Structure formats: C-alpha cells, structure tokens
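Student: Just a sequence and a predicted model for now, questions to come.
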Amino acid sequence: MSLGALLERTSPWCGNTAMRIHRAFVCAMIGLLCSCGTRRPLRIGFVAGLSGIVSDLGVSARNGVELAVADANNAGGVRGNPVELVVMDDRNDPETAVARCLELKRQGVSLVIGPLTSGMADRIVPFANENDMLLVSPTVTVSYLSGIDDSFIRVVPAAKVQGEMLADTAAARGLHSFAVLYEEINSSYSLEVCAAFESRILSLGGEVSHITSFRSGAYAMMAELAVKARGWGADGILSVAGASDNALFCQYLRKNGVSAQLFAGMWSMTADLIRNGGAAVEGLTLVSMYDADNDREPFLRFLDTYRTAYKDDPSFASLFGYEAAAMLIQAMREAKSPDADSVKSAVLRIGGFPGLQGDFSIDASGDSDRPYAVYTVKEGRFVKADEGR
Amino acid sequence: MKSFKSLVILMFFFTAVTPILIFSVITEGLVMKRITSDIGRRNDQIVNLASGEIQRWISESENLVRRTGAILFDERLIRDDGIIRYLNILIDSFPYFSSLMVFDSQGLCRHIVPYKEDFAGLDFSRQPFFMQSTDRVNWSPTFLGLTSGEPEVVVSVRKGDRIIAGFLALDELARILSQVHVGTNSSMAVVDPTGTFIAHTKQRKVIEREREYRLESFVSASGEGGRWRVDGRDVSVHMAGVPGVEWKVILYQDREESLESLAATRDAVLLAALASIGLVLLLFVPGLKRIALSVSRFAEHLSEIGSGTYGEAMPDSSPLGRYEEFNAITESFNTMVRHIQEREEELRASEERYHSLFRDSNAVMLLIHPETGRIVEANKGACAYYGYDYPTLSSMSIQDINTLSEEAVKAEMASSLSERRRYFLFKHRLASGDMRDVEVYSGPILFRGEKLLFSIIHDITDRMLLQQKIVDSLKEKEILLKEIHHRVKNNLQIISSLLHLQSSYVKDPADLDLMTESQSRVRSMALIHELFYQSGNFSTIDLRDYIQTLYSNLENMYVDVSMHVQTSIIIDDISLPLDTAIPCGLALNELITNALKYAFRERRTGSLSILGRNEGGMVRMTVKDDGPGIPEGVTLDNPNTLGLRLVTNIAIQLGGDASYRFDGGAEFGLSFPLP
C-alpha cells in the first residue's frame, strides 16, 4: 500500500476549508518523503441517445465502445495513459446533443464518439467543425456528409446504398408497388434511404404509391397508418425507423391484416426489433453490414465478451461502436498530440483499420466504404440472405 | 541561517507549533478513522435494510403474480371483465406494478391493465419474459420497454395456456431508495445481474440504462466499503445482495458528504490546535519580540561601535539587560568600549602631540600624495623654507617645487612608496626662484586611512658647496703628491743613471760591484715611487706588484742568458705604506741580489723562491735558493757584507727581525709587523 493510500485510509479527509488546511499541512510534511505518480487519463466522449424509445441503438453502441476502451486500457492505454470514457445522453434531441458536446468541450474533451443518428449529426457536425472537436460516428450514414474534409469521421458507408439494395431485393422478388414510411426525427437518414429506394424502384419499373412519415413514439399515429395501409394495396412496405418503432408498426400492420412484404433500413436491425416485433417481423428484409453469424476470431471473441458483460447479444451499433472507439484510440496512440486535428490526421494517415468482421478503410474525407448485405428475419434471427450485391 | 531572529522563529515553529500540529493531525486521524469505521458500519446497515425492504417488495410482487396466476387458472370461472376488474384492483391496491398483462399461449396480449387499446392483440412471443415463463415465477432481465422507452423488468408465471406478467414499477423501487437519506451527493441504486441500474436515486442513470461495470471488482474492507470514483467524486461503496433475483443494492456514499456531519469534531480538533498555537504564540511572542528587539538594538549598537561611534553596547535600559546570560556579553562589550574610548583618547592626544611636532617643527616636512604628487600637508618649517604661506603650499604639488620632470618625480615617489629607497637628492625651487640642493628622507605612512609619503627635507646647498671645495682641494693634493713621487722617482733614476755612468770608469771589479749594488739599491727605491705614481694610490703599495717588478729588474741585471733560474714568487695580498715599503724594498733587494749573484754562480742553474705571508698582522718574507749558502762563520749578527748588515738593520728599523738558515740552500727570512 502506498503512503498516500495509507494516509487516505487513516485520515479520511474532506473537502471543506478546515480539511484543506489539514490536508495541505500533511502534504507539506510528507510531500518530500513520498511521491505518487498516477498517469493522467485521456478522456474521450460518447454522445448518443441513451434514453427513450430509440435508445437501444445508443445503449448497444455504448456497450461496444466500453469494451473497446477496456481492451485498450488492458493493452496499456495511450502511451501509458488510461483512456476514460465520458458518456453523454443526447436524448435523441438535436439541441440536447449540441449542449452535450458543448459540455464535453468545456471539460476539455475534444474527441467524441457519436452521434449515432443522422438527425443528431445534422446539428453537431457543424458545431464540431467550429469548435475543434472530432466526431467519430459508428452508425451515421447520411450521404451529404460524404466527401467533405470536416471534423467528422465514420466507420460505415452512406445510407443511399441501403435503399438501393432494398429496392433491388424487392424488385428481384417480383414486387411492384410499394408504400414508403420514414421516421421524422432522423429524417436525414430515413428520407435518404426512402428516396434511394423510390428512385431505384421507379427506375426498375415499379411504383411507390404512398410516401408518408411518422414520429418516433407516436404509436396512435402508427396504428392509424396501419389501418390505412390496408387500403394501399402495396406489395411491399418500406419503413425506415428505429427498431422498437418499426417492431410496433409491423405488429399494427399484421394486426390489421396487411400482408405486404416488409422492408427496413439498418437502423432497425437490433434485438429489440425481434423482441418487440414478435411474429409480425418474421420475413422482414433489411440491409446491413452486421453479420451475427460471422465466424472471424476477433468477432467471436467480441461476441463472447459482450455476452458475458451485458447478458445480451450485440447489435450492429455495438460492433461499429467498438470499431469506432478502437480506431480512435489507435489514432490517439499514433498522433503527435491528443488534440482533434492531430488525431484526425493520424486516422487519415493510417487509413486502414482492423475490424471485427473484416478490415475497413477510411478515405481522405473521413468516410468508409463497406459492403452491405441483405438480411431477413427468420425464426427470431437475422439471417443473411443470398440476395443483394 | 544568517538571521538570529529567523533562527529563533524557526526553532519556535519546530519546537512549539509543529508538535501541536502533528498531535492534532494524528488525533484527528485516529478520531476520524474510528468515526469513518462507524459510518461504514452504519452504511452497511443501510444497504442491508434497503435490501431487506426490496426483498420484501419482491416477495410481495411474486406472491401477487402467483396468486393472480392461480386465479387465471380458473379463468373459465371468471369472465374477461372480471379479470380486468381484478387486475385493476391489484394495480390500484399495490404499488408493485406499473402494468399487468395477460398473454395467451401464442404470446398475444389478451388483457392489459391499465388498458392500452393499441396493445390488445400485440405479439409478445419474442419477449424474453414470455419465452422464459414457466409454472414458477420468473424474473426477466432488464429490457427496453416497448413504448415507455425505459428499462423494464417483468415478473411472470405461466398457468395453463395463460401467462400473467407484471411489469414492475421500478420508480417505486427508486422511491424506496429515496426514503433513505444519504445526502445530496450520495446515491443509492439497485442493479440487475448485468450491473444495469433498474433503480437509482438519480433517475437519469436508469433512463439511460447505465451500468455499474465494477461489480466484480468490489471489495468491502472492514465495513468501510469499497472506494470508487463516481461522476468525478470519491465515494465509499456499500453493497448488499437481494436474494432470489440476484439484484444488488448499492450505496454510493460521497466521502466528503459522509464526513460533513463530523465537521464539528474536525473543527474542534482544528480549533484546539489553533488555540494551542495561539496560546503558545501569546506566551512566546512577547518574549521573542523582546529578545529580537534587544538583539536588534544590540546589533545596532555594535554597528555604531563598528562605525566608530562609541556608546554603550547595551544601555542599562535595554530589555536585554534583564537576562543574565546576556549580562556577561554586554559587560564585556561595555568594558571593551570603555577601553576603546580610553585608547582613542590617548591616541587623539598622541596624535595631537605628533601633529604639533609636525606642524610646529622648523624642520622642513611635507606629506605628499604618492600618485598625484599633491602636497597634502606642509608644516611651518616647510612654509618658511619654501617661502609660501600654508594655503598656497598645501594647494601645490611636489612637481611645482622639484626641478625634475613630472615623470621622474613620480618614478622617485613610487620608489619611495615601495620602500626601495628612502634617501633622495633633489633640486627644489623656492618661492623666490632660488634653486636649492636638498636631501629628502621619504617613506610611506598611513594618514587618515590614506597611504602618503612623509618627506623630511634638508637644505644641503652649503654642504654641497663645501664638499665641492674639499674635493677640489683633494684633487690638487693628489696631483701634487703624484708630482712629488714622479720627481723623486726621476731624481732616483738620475742618481741610478749617474752611478751607472760612473761605473764605466771603475776598473776594479770589486768597486764595480759596489757601484752596481748601489745602483740596484737606488733603483729599488725609485721603483717604489714609480709604482706609487702609476697606481694613483698614494697611501699604500701592493707588495706582490712591487716584488715582481723588483725581481724583473734584478734578473735583468744579474742573470745572463747562460743561467737558468727557476723562480717562484708567492705573495699574499699585502699593502705597505711608503715608509715601510722603502726599507722592505731595500732589504728584499739585498736578499734577491745576493741569491742571484752567489747561489747560481757555479752551477748556472737553480731555483729561487720568494714567499710573502700575512700571518696575523706579521709580514713574513722568505727568500730561498738552492745554492751553497753564505760562507761559514758569516751570520746575520756577524755579517761580512753591507748587504747583510743592511738587512739586519732594516729588520730592526721595521720592528721585526731577520733570520738565516741553510736547508739545502740559503733561506733568509724577514719578519715585521704591518703598520
């Protein structure tokens, strides 16, 4: 036991003035006799929606980031300094997300993992650009942030592909008419997927008869839409929303006898979709980069660790959260200093990173390109389909 | 530590203040340790009580679900509206559930209380709580509520083809925790087996589904709990399990806050320490101040003494005088000061006397600055001698008086200053313009802390004139004496020449021999005058030079080319005056002539040695040859020749004696005292 620890055990000092006087005196008395050097932790932020109906994404991503930080600290941290994670809940609200980033900035944290949804990215990417912060997003896929030299790096490709692949899959199944729904808060993403889907469907000779939106948590509205859907006569319905929202909407559709094939974006691909969707989400088709059946050793190790720690299965957000954090920490190790510019330069300089399910690369604009795949819910699991690219 | 005052203060600090502080720190440390231990035990009791309360809460909720399940088993006996009414009664009567739901075997929602229209008929078959449900009560893991967006925990039981699920009112758990007052910065929580908060006094942590990931590292130490940092604060962690559900109740006790209630104790210790220090200061500071003041004044007095202002080192009124340890010191200093004052008075009187001697003396004296030559001080004699009044003379420099160049004067002063020379001869210029010869005795002295040249000037103009006259007179006499010697020598040479001329008319060899001897004697005397004349020394003659020249002359006269005489002349440094040199010369002339004439007459060869020794004021001359010696019967007392008689007479005249002996040859001795 160090002398400092012994002191702490025998004399539990407090923070008021009297105690500070005592503490100063005692420190002065023994200061020359002992020195205790603790490495200063390097702090990185995590900003995501950790509360509310779409918090499944944020929580599973946070879990992945926590594992990456733990792995990094077990490997010696960054040049001997431990990495400390500062977690902030943006409540899936853009203004709150900005406030959280500002708070992190005030705390001297300029490296942030997040946001997780494009709706948050709309607000905090400009803030990060203006405040010398670096955002590393595990899941934001909105296309308009691609090809820009900004303070935003992401480990997933643009969302547009999701819509196109879903359209190709639907067309390949011989479906012709579609209804499209998108969530409003994260419309940057959901609308982009829908727009790409519509564009591709039209180009393939199909039709999109209905395009409408709903707001996360507005279950009455979803139920009402489900009733209306009976009259749409669509062969397929694309609903781009969070897992719980989509699960409930699918239940409403099936409850109202809508038998159209259901499609969803990667956003919905979490365990909550299956838990909350029940039999209604059986056959639902999604596009994602996360393969729950991947058998690569790093992923299997990650899977085991995750299950042990959280008694649950990881989602794509957990995987990309882990990879985003691991990438950021690797860049911090190789950067000249832990400031945003240096770390960003290090990321771009390194370029290629080892992923859990396969290596990935970051281009000069901080964007990634990985292959999507088509998945279908079968017997309560996401099963990789042979369809798609 | 140069300052005595600082040393005293430092010693005071270490001997008085430090022990008090150390004592107070140790005391407080021990007290706080004890109190902390008590708090730790109290906190353990709190979490155990909370755990017990939650366990009771869980048991109650389990019982309710179990009883409800039993009732549902007899559903056929109860109509749907009866079930709804029953569930509503449960919800209204007990605080354990936020909602109660009944599912059929397919997982479809059959009943929900409170009623939610949208939930009717929804499929929950994939929910873990449904999938895990058995005839026994099951607790689900924490999951995100379908519509609440918050964590939820379900307790369920399967009865036949029906499943009753109670969604726990986790906020009620939080209410139980909040009933325990743990402080503003402290908190309590309940976590599920994964560490996820399902209840927390800080609701945010539940809503954000935060997780306590340090459960496995928790180590409780002697009732004080573990030590973690939570939200940037040091907390003591106390934990208790909830049996049956593997939940844990955690108390995060903020360490500062936990000890805030003990501030009074802490402050009392601190106050006591400060009071003790204050008391010590109160007692010590006046004394310290008095000592410091006294020492300071003592130092001031000493400083004054050091600068030449003599007062008492420590007046009687000084506070230091109260301490007997200082009395000896102050007495010594005061005695020393009195001695110094007496010495100074004597010195002042002495200085006055010496100054008077200097100032009023008729001897000419100056004090001169050695580098600039400025006349620092001039006495009355100097003013009178040089013809200047005091102000004028004391404003002049020595270069104004001395006729040497300025550089030469400075060089002489430097020489005097370094004490290489003390005596100088100069020409000084008087106010009247007269030039005077002066001799100056000069040397360095310290005057008012400055090194000056003290010069005593004697006018030697008259003496110099007199000396010059003596020198001139001496020169005249020397010339005269020289002339006399010259003329005597010339006259003796004339006599010698006349004898030589006369001898050409002498036919008888005996007569001729007499003439030759006479000529030789005259020349021996002339030689002495010649040497006086040539040497310039009119008082003495060098005996060695004389004998060598004399022998050379006699050799010319008596030794022809057929003879070979080996001669050895060894003479000490002997100087003889004229009245001794002439008879000595005559005697040696006789002895050398005698040897040259008779010792080698038959053999035409032989040796001759002439020795002259100065033996303690007695001159001992020896002329020795290796000839047959003088005829038998002839002695110095009974000489048969004029020559031997002359030798004997001269020896008597010189106060000495002559001797002869035969030792392988004739050996004549002549001894006489040096004049």
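Tutor: Received the coordinates, thanks.

Student: For chain A, what is the nearest residue in the stretch 401-550 of chain B?
Tutor: Residue of the stretch 401-550 of chain B nearest chain A, by C-beta to the nearest C-beta: B:Gly449 (51.0 Å). For glycine as for every other residue, the C-beta is placed from the backbone atoms N, C-alpha and C.

Student: Which residues are in contact with the closest residue to chain B within the stretch 201-350 of chain A?
Tutor: The minimum distance from the stretch 201-350 of chain A to chain B, using C-beta to the nearest C-beta, falls at A:Gly278 (2.9 Å). The contact partners of A:Gly278, taken as C-beta atoms under 8 Å, 6 or more residues apart in numbering or on different chains, are A:Ala247, A:Gln251, B:Gly107, B:Leu122, B:Asp123, B:Phe124, B:Ser125, B:Arg126, B:Gln127.

Student: With B:Cys584 instead?
Tutor: Contacts of B:Cys584 (C-beta under 8 Å, 6+ apart): B:Leu543, B:Leu576, B:Val619, B:Met621, B:Ile650, B:Leu654, B:Leu670, B:Phe672.

Student: SS state for the third one?
Tutor: For B:Val619, the assignment made with DSSP: H, G, I helix; E, B strand; the rest coil gives strand.

Student: what about it, how many residues close to it?
Tutor: By other C-beta atoms under 10 Å in any protein chain shown, 23 other residues sit near B:Val619.

Student: Show me what the spatially closest residue to B:Lys624 that is not a sequence neighbour bridges to in the sheet.
Tutor: Of all residues not flanking B:Lys624 in the chain, B:Glu667 sits nearest, at 4.2 Å (C-beta to C-beta, 6 or more residues apart in numbering or on different chains). Beta bridges link B:Glu667 to B:Lys624, B:Arg661, judged by DSSP bridges.

Student: how far away is B:Glu667 from B:Met621?
Tutor: 11 Å (C-beta to C-beta, to the nearest Å).

Student: repeat for A:Asp149
Tutor: Per C-beta to C-beta, A:Asp149 is found 133 Å from B:Met621.

Student: Same check on B:Thr540?
Tutor: Separation of B:Thr540 from B:Met621 (C-beta to C-beta): 17 Å.

Student: more crowded one of those two?
Tutor: Counted by other C-beta under 10 Å, B:Thr540 and B:Met621 do not tie: B:Met621 has more neighbours, with 24 against 16.

Student: Could you find the closest non-adjacent residue to that one?
Tutor: Nearest to B:Met621 is B:Leu670, by C-beta to C-beta, 6+ apart, at 4.3 Å.

Student: Looks like that neighbour contacts B:Ala651 (just checking).
Tutor: Yes: counting by C-beta atoms under 8 Å, B:Leu670 touches B:Ala651, with 5.8 Å between them.

Student: quick one: common contacting residues for the two?
Tutor: By C-beta under 8 Å, 6+ apart, B:Leu670 and B:Ala651 have these common neighbours: B:Ala587, B:Asp657, B:Ala658.

Student: what sits against residue 212?
Tutor: Since no chain was named, I'll use chain A. Per C-beta under 8 Å, 6+ apart, neighbours of A:Thr212: A:Ala179, A:Val180, A:Leu181, A:Leu225.

Student: try again with chain B
Tutor: With C-beta under 8 Å, 6+ apart, B:Glu212 has these contacts: B:Ala189, B:Val191, B:Gly195, B:Phe197, B:Ile250.

Student: I figured the last one hits B:Met239, correct?
Tutor: Translated: B:Ile250. Yes: assessed by C-beta under 8 Å, B:Ile250 is found in contact with B:Met239 at 5.1 Å.

Student: joint contacts of these two?
Tutor: Listed contacts common to B:Ile250 and B:Met239 are B:Val47; contacts here mean C-beta under 8 Å, 6+ apart.

Student: Looking at these two, which is more packed in?
Tutor: Neighbours around B:Ile250 and B:Met239, counted as other C-beta under 10 Å, are more numerous at B:Ile250. The numbers are 30 against 22.

Student: do the helix or strand hosting the more buried one and chain A meet?
Tutor: Per DSSP states H and E, B:Ile250 falls inside strand B:247-254. No: if you take C-beta under 8 Å from any C-beta of the partner chain as the test, strand B:247-254 misses chain A, and the best it gets is 9.6 Å.

Student: Tell me if the very next helix or strand once past that strand is near chain A.
Tutor: For strand B:247-254, the succeeding helix or strand toward the C-terminus, using DSSP H and E, is helix B:255-258. Yes: counting by C-beta under 8 Å from any C-beta, chain A is contacted by helix B:255-258 at B:Arg255, B:Glu256.
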